[in-house]
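Engineer: Kindly generate the corresponding structure for this input.
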Amino acid sequence: MTGTPTAEGVAMGHEISIAGSGVYLICRVTEPITLEVARAFTAALDAASHARGIKRFLVDVRAAPNVASVLQNYRFANVDMSEMALQRDVRSAILVAADDHSHDFVETVSQNAGYGVRLFRDEAAAIAWLEEDLR
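Structural biologist: The predicted structure is shown next:
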């Protein structure tokens with residue numbers, strides 16, 4: 001059981017909280033993902049991670065299709081994330097809607113760039129992956 005999340009912060013397009021278990025941060029993205037939206041919630045997650053010492057993230061994009069271009073997604077993973085000095089030793093479970101494949105390329109390019117990102121369509125499986133090796 002993850003328990004009730006505690007509020008961490010709300011910003012335009014996303015909100016961040018801590019899972020009731022305290023093991024991972026939850027980021028719910030509430031608008032279609034453009035490059036600007038991706039930069040905003042990624043920077044906010046990284047800042048919350050540093051502040052709380054939590055290196056596992058559940059990014060819920062079930063209500064947020066990726067509308068960025070393939071080139072923008074590639075650049076974000078290979079240039080922007082590095083320029084933002086994001087941590088590479090984190091584990092990010094991206095929770096997508098069952099019929100949404102707009103995030104598939106992001107998983108591939110993020111992994112190729114050295115980030116621990118994995119897509120899930122099942123929330124329980126995503127949480128199990130985040131909590132793996134911590135029990």
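
Engineer: CA atoms for contacts and neighbours, from now on please.
Structural biologist: Noted.

Engineer: now the lengthiest helix in the chain: how far from the chain's centre is it?
Structural biologist: Scanning the chain for the longest helix, with DSSP state H as the assignment, gives helix 35-52. Centroid separation for helix 35-52 versus its chain: 9 Å, with CA atoms, centre = their mean, to the nearest Å.

Engineer: Now do A64: how many residues are near it, please.
Structural biologist: 21 (other CA atoms under 10 Å).

Engineer: ugh, wrong one, I meant L134
Structural biologist: When neighbours are defined as other CA under 10 Å, L134 has 7 of them.

Engineer: how close does it get to D60?
Structural biologist: Going from L134 to D60 by CA to CA, to the nearest Å gives 21 Å.

Engineer: Angles on the backbone of the residue nearest to the spatial centre of the chain, please.
Structural biologist: The centre of the chain sits closest to V59, judged by CA atoms, centre = their mean, with a distance of 3.5 Å. With angles defined as degrees, to the nearest 10, V59 sits at phi -100, psi 110.
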